[in-house]
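>>> Kindly return the folded structure for what I paste below:
(one chain, ligands or ions: 1)
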Amino acid sequence: TEFQAFCTNNQKLNPEAIFALESIEKPDEFTDAVASNLQIKLKDKQDILNTFSVPERMEKLILILVRETEILELDNEINRKVKENIEQNQKEYFLREQMKIIQEELGDKDGIGLEIKEYKERLRKAGAPDDVVEKCEQELERMQKMPYGNPEANVIRNYVGWICDLPWSASTEDRLDLSEAKKILDRDHYGLEKIKERILEYLAVKKMTGTLSGPILCLVGPPGVGKTSIARSIAESLGKNYVRISLGGVRDEAEIRGHRKTYIGAMPGRIINAMKQAKSNNPLMLFDEIDKMSSDFHGDPASAMLEVLDGEQNSKFRDHYLEVDFDLSKVLFIATANTLETVPRPLLDRMEVVELSGYTAEEKFHICKRHLLPKQLKKHGLNNKMLKVSDSAIRAVIDNYTKEAGVRSLERKMGNICRKAALKLLENEEKPEQLKVTTKNLEDFLGKRIFSTEMVSKKNEIGVVTGLAWTQVGGDTLSVEVNVMKGSGKLELTGQLGDVMQESAKAAISYIRSNAKKLGINEMFYKDMDIHIHVPEGATPKDGPSAGITIATALASALSGRRVNHEVAMTGEITLRGRVLPIGG
Ligand code: ADP
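Here you go, the predicted model:
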């Protein structure tokens, strides 16, 4: 029986051989004959031959037959399935071809024809210019002629989809009401008068001429002074849609301008992407961190940006992916940057720079009280009845917990307070009481204070002068200290003085030497005195040379023994002839 089962599954055995085998009557002969006809390993065959006892030999053969039958069955099953699949595919292909012909006969009411019709409808709605519509129609025609399942059809679908989604003619109505715009600007932001004024001027011009003109605004200032958030308010006050493109880390022109659609997975660049998001052709587009753009061998993104920002060219902006012109001339561009040093010159020439300097402690206080705290309260599900932060506590946070030009970490600290307060309020749920944050319990909310402001000396001293410095976090004061002692004319500079500051110090010394008599200083000081100049760390100004006048004054004071008024702070570069140069910025 096993042999028969094996035979039914194995089509390779020829029927005559089977018949011959079946006619053998002696068990041992039958076993040997069958075994010799099997396509099995030589070792197994040998094993059967070696087995002398007939029943044992038959048993072995049966085991092998069962195994082989199983393998054959599996094999047949797979073959069957493969065949079925192929037949199915052929059937589908056949049916589809038939359907195509039927559709052609019927005048194509369904399938791809319908899809193309939908696309054409969408194109019409999008209001694209004629040449764009024409190009899309060409592509769609190409798609229609393609055999079913051609991957390129998807590329075309994608492409036409993009074209349909762009706001070719959709636009929003600008709000030209000056007083309304001013109200919105004032509502969201404290101070920032210069930039608000600039926006109103822009509006006025637009109202007079009916056209959008003037260079692109570039808001420059340290982080957290509200560049991004004022741009959003501007959009709102003008009634424009708002889109933001972050340019930080963009190194490749294709990121701005897209990849050609012949590349797999090609996409339009960020500009076109943003236009799709904007849903109107006259939005406010913010280029955030334009100073963080860099270039490498992939091409310079700045050159693409040049074209975008150029009023003469941007009505015909060409994205590599779209391959058709897109009109950007109705877009209001605003850029932001932390510093102008790294903004490419030609770009800078096209922009009008508005500087937002850091805030003073007083400004920060008002911003915090009016905007940041209410915003954070709302964000944490609180209101000003549940949590009160006293004015002096706000001032203490500004002075002792933050050190920055903007108000970002101040906003974060307010967030911290709100979080802690929410927890405290929930912990004693039975009697919901009002929480008060004052200078006394501020440390419960924010931990030990981080900064102290006692940098400046409190009395007039000899050889100690207060300087003004521009640092990463805005402005700061620093005290320059000079000691002179009997010695052999050595000059020592300590603290974190860069090369430029060392040169300032040398210039100061040489000025004092040449004017020693006038200043009432022993002319031989450079021979029999050692001078030590120290600028405390932590207050290293970014602009080295401007410490010149401070160092010179401290030197003169130390050498002449006259005190310096500690309430006067100074800054400026000093020349060899004792001229103090104008302060930049
Ligand atoms: P930037 O873009 O300059 O780094 P952001 O716009 O991100 O700064 O501002 C940080 C936060 O500070 C925002 O929540 C913003 O609303 C707030 N802010 C900054 N300046 C002001 C201001 N003058 N009035 C109100 N809020 C401000």
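>>> Could you give the residue of this structure that lies closest to the ligand?
The ligand sits closest to Gly226 of the chain, with a gap of 2.6 Å, by C-beta to the nearest ligand atom. Bear in mind the C-beta positions are built from the backbone N, C-alpha and C, glycine included.
>>> Return the residues in contact with that residue.
Gly226 sits next to 189, 192, 356, 406-407 when contact means C-beta atoms under 8 Å, 6 or more residues apart in numbering.
>>> Wasn't His532 part of a strand?
Yes. Secondary structure of His532 (DSSP: H, G, I helix; E, B strand; the rest coil): part of a strand.
>>> which residues touch Asp186?
Lys196.
>>> Ignore what I typed, I meant Gln313.
By C-beta under 8 Å, 6+ apart, the contact set of Gln313 is Glu307.
>>> how about the residues of the stretch 401-550 of the chain near the ligand?
Proximity of the stretch 401-550 of the chain to the ligand (C-beta under 6 Å from any ligand atom) is limited to residues 406-408, 411.
>>> quick one: which of these is most hemmed in?
Neighbour counts for those, by other C-beta atoms under 10 Å, peak at Val407, which reaches 25 neighbours.
>>> tell me which residues in whatever helix or strand Glu307 lives in are buried?
Element membership for Glu307, per DSSP states H and E: helix 301-309. Residues of helix 301-309 classed as buried: 301-302, 304-309 (neighbour count, 16 or more other C-beta atoms under 10 Å).
>>> residues in contact with it?
With C-beta under 8 Å, 6+ apart, helix 301-309 has contacts from 216, 247, 250-253, 255-257, 269, 271, 287, 290, 293, 295, 313-314, 317, 328, 333, 344, 346-347, 350-351.
>>> repeat for stretch 525-532
Under the contact criterion C-beta under 8 Å, 6+ apart, stretch 525-532 has outside partners 482-494, 509, 513, 516, 555, 558-559.
>>> Just the buried subset of the residues you listed, please.
482-484, 509, 516, 555, 558-559.
>>> from these, which two are the most distant?
Largest separation among those by C-beta to C-beta: Asn483 and Ala516, giving 18.3 Å.
>>> Flag the shaky bits of the stretch 101-250 of the chain, pLDDT-wise.
103-111, 148-149, 212-214 (pLDDT under 70).
>>> near the ligand, which residues of it show up?
So far as C-beta under 6 Å from any ligand atom goes, the stretch 101-250 of the chain lies against the ligand at 189-192, 223-229.
>>> for the chain, which helix is longest?
Identified as the longest helix of the chain according to DSSP state H is helix 54-106.
>>> Could you point out the longest strand of the protein?
Secondary structure assigned by DSSP state E gives strand 474-486 as the longest strand of the chain.
>>> so after it, what's the next helix or strand?
Counting by DSSP H and E, what follows strand 474-486 is strand 491-495.
>>> Pull the distance from the helix or strand that that following strand is followed by to the chain's centre.
Downstream of strand 491-495, the first helix or strand assigned by DSSP H and E is helix 499-514. Relative to its chain's centre, helix 499-514 lies at 45 Å (C-alpha atoms, centre = their mean, to the nearest Å).
>>> Next, the angle strand 474-486 makes with helix 499-514.
Angle, helix 499-514 to strand 474-486, by axes from the mean of the first three to the mean of the last three C-alpha atoms, to 10 degrees: 50 degrees.
>>> Any buried residues in helix 499-514, and which?
500-501, 504-505, 507-509, 511-512.
>>> And it, what does it pack against?
Counting contacts by 3 or more C-beta pairs under 8 Å, 6 or more residues apart in numbering; DSSP states H and E, helix 499-514 is packed against strand 491-495, helix 525-528, strand 529-535, helix 548-560.
>>> Apply 10 Å and report the result again.
strand 474-486, strand 491-495, helix 516-519, helix 525-528, strand 529-535, helix 548-560 (3 or more C-beta pairs under 10 Å, 6 or more residues apart in numbering; DSSP states H and E).
>>> and Trp470, how many neighbours does it have?
Residues near Trp470, counting by other C-beta under 10 Å: 19.
>>> which SS state does it fall under?
With three-state DSSP as the criterion, Trp470 reads strand.
>>> confidence score at it?
The model reports Trp470 with a pLDDT of 73.
>>> For beta bridges, what are the partners of it?
Here Trp470 shows beta-bridge partners Gly475, assigned using DSSP bridges.
>>> about what we covered before: who wins for proximity to Glu77 among the helices and strands packed on helix 499-514?
Ranking the helices and strands packed on helix 499-514 by proximity to Glu77 (C-beta to C-beta) places strand 474-486 first, at 78.2 Å.
>>> The closest one relative to helix 548-560, how many degrees between them?
30 degrees.
>>> circling back to that earlier point, return the subset of the contacts of helix 301-309 lying in strands.
Using DSSP E, 216, 287, 317, 333, 351 are the members of the contacts of helix 301-309 that sit in strands.
>>> Let's see the distance spanning stretch 217-227 from one end to the other.
End-to-end span of stretch 217-227 (C-alpha to C-alpha, to the nearest Å): 11 Å.
>>> what about that stretch, distance to the chain center?
Averaging C-alpha positions (C-alpha atoms, centre = their mean) puts stretch 217-227 17 Å from its chain's average.
>>> returning to what we had before: could you tell me which of the residues of the stretch 101-250 of the chain next to the ligand count as buried?
Neighbour counting with 16+ other C-beta under 10 Å marks 189-192, 223-228 as buried within those.
>>> pLDDT-wise, which helix or strand of this structure ranks last?
Every helix and strand of the chain was ranked by mean pLDDT, DSSP states H and E. The lowest is helix 2-9, at a mean of 72.
>>> Next, the angle from the helix or strand following that helix to helix 2-9.
Downstream of helix 2-9, the first helix or strand assigned by DSSP H and E is helix 15-22. Relative orientation of helix 15-22 and helix 2-9, computed by the same axes, to 10 degrees: 180 degrees.
>>> model confidence over helix 15-22, on average?
Per-region confidence: helix 15-22 scores 77 on mean pLDDT.
>>> name the helices or strands packed onto it?
helix 2-9, helix 27-37.
>>> Give the next helix or strand downstream of the longest one.
Translated: helix 27-37. Next along from helix 27-37, by DSSP H and E: helix 42-50.
>>> Go through that following helix and flag the buried ones.
Buried, per 16+ other C-beta under 10 Å, within helix 42-50: 44-45, 48.
>>> quick check, nearest of those to Phe445?
Closest to Phe445, out of all of the buried residues of helix 42-50 and judged by C-beta to C-beta, is Asp44, at 83.6 Å.
>>> Could you double-check that the closest one sits in contact with Thr51?
No. With contact defined as C-beta atoms under 10 Å, Asp44 does not reach Thr51; the gap is 11.1 Å.
>>> got any residues that touch both of those two?
The contact sets of Asp44 and Thr51 overlap at 60-61 (C-beta atoms under 10 Å, 6 or more residues apart in numbering).
>>> all strands of the stretch 301-450 of the chain, in order?
Remark: strands assigned in the stretch 301-450 of the chain by DSSP state E, counting those that start in this stretch are 317-318, 325-326, 332-337, 351-355, 387-389, 435-437.
>>> Pick the most buried one from those.
Of all those, strand 332-337 has the most neighbours on average by mean count of other C-beta atoms under 10 Å, namely a mean of 24.
>>> List the contacts of the spatially most central residue of the chain.
Of all residues in the chain, the one closest to the mean position by C-alpha atoms, centre = their mean is Ser246, 5.5 Å from it. Going by C-beta under 10 Å, 6+ apart, Ser246 touches 228, 270, 286-290, 292, 336.
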